[in-house]
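Q: how does the following fold in three dimensions:
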Amino acid sequence: MSSREGVTGTGRLATGVVWALLLLGLWLWGREVTDVRHGFTTPATGDMAAVGRPPIAAMPPAAEPLKGARPQRLDIPGLGVQAPVVTRGLDADGAPDPPPYDQPGVVGWYGAGAEPGTAGTALMVGHADTETRPAVFHALGALRPGQTVRVVRDDGRIAEFTVEDVTVLGRDDFDAHQAYGARKPGRAELRLITCGGTFDRATGSYTANVVVSAYLTGTAL
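A: From the prediction side, this is the model:
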């Protein structure tokens, strides 16, 4: 997403309304991602101590964004993750829909947003667990700044991202812009999102989201 210069009068009002609606939808998504439709009662795991760690001393420079292509697979070498990616749309509440619970090893990409490797923020979401076993993003919170995330695209290229931070955002004070907004305009960025915190029996959901922020630093064939 990019802003337009020179918008005046009615144009400014329309732009403001669009942004307000977008942030509202993303906030609803944040709540949807934390919802647990089944009764799994153990807390989501992951290295919560990773939150707040300072970035490593020498982060690589950002690479130029790529042309558009759809994601096919997500690889996180540090976690041993190789997961197929499926395109997801909006659910009945108007929020991007995570993968079905019977596909715990699948990652969902919000297809109406940026494609991984293009300028903007590509959004991917996966489950932390099921009723009986860990799911694809079970250990997402253990990622550290400087680690690599790769997205295999349908144009034959592999977009290589470098993690810059891992954040836990509480459900009750979920900040949509912090979770989904671009950190630096013009970069190709990636967000990986899953459940975090502890399971709240009263609401049937987890208390937080784990959000991994990464940016494009290279490509491979």
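Q: next, count neighbours for Gly170.
A: Neighbours of Gly170 under the rule other Cβ atoms under 10 Å: 14. Yep, even glycine has a C-beta here, placed from its N, CA and C like the rest.
Q: grab the nearest non-local neighbour of it.
A: Leaving aside its sequence neighbours, Gly170 sits nearest to Ala208 (Cβ to Cβ, 6 or more residues apart in numbering; 5.0 Å).
Q: just for this structure, where's the confidence low?
A: 1-57, 91, 93-96 (pLDDT under 70).
Q: all strands of it, in order?
A: 71-76, 81-88, 107-110, 120-125, 148-153, 158-170, 188-200, 205-220 (DSSP state E).
Q: quick revisit: hey, what's the residue nearest to Gly170 bridged with?
A: As for beta bridges, Ala208 partners with Gly170, Gly196 under DSSP bridges.
Q: just give me the neighbour total for it.
A: Number of residues near Ala208 (other Cβ under 10 Å) recorded here: 24.
Q: how about it, what does it touch?
A: If you count contacts by Cβ atoms under 8 Å, 6 or more residues apart in numbering, Ala208 has them with Thr34, Val168, Leu169, Gly170, Arg171, Cys195, Gly196, Gly197.
Q: any figure for the gap between it and Val125?
A: Distance from Ala208 to Val125, counting by Cβ to Cβ, to the nearest Å: 14 Å.
Q: one more: Val136?
A: Distance from Val136 to Val125, counting by Cβ to Cβ: 10 Å.
Q: same check on Glu115?
A: Distance of Glu115 to Val125, given as Cβ to Cβ: 16 Å.
Q: same thing with Thr167?
A: The separation that Thr167 has from Val125, given Cβ to Cβ, amounts to 15 Å.
Q: neighbour count: these two, which is higher?
A: Set Thr167 next to Val125 and count neighbours by other Cβ under 10 Å: Val125 wins out with 25 against 19.
Q: what sits opposite the more buried one in the beta ladder?
A: Taking DSSP bridges, one finds Gly108, Ile193 as the beta-bridge partners of Val125.
Q: that one against Val107, yeah?
A: Yes. Here Val125 reaches Val107: they are 7.3 Å apart, a contact under Cβ atoms under 8 Å.
Q: which residues do the two both contact?
A: Pro99.
Q: quick check: phi and psi on Glu115?
A: Per-residue torsions, Glu115: phi -80, psi 140 (degrees, to the nearest 10).
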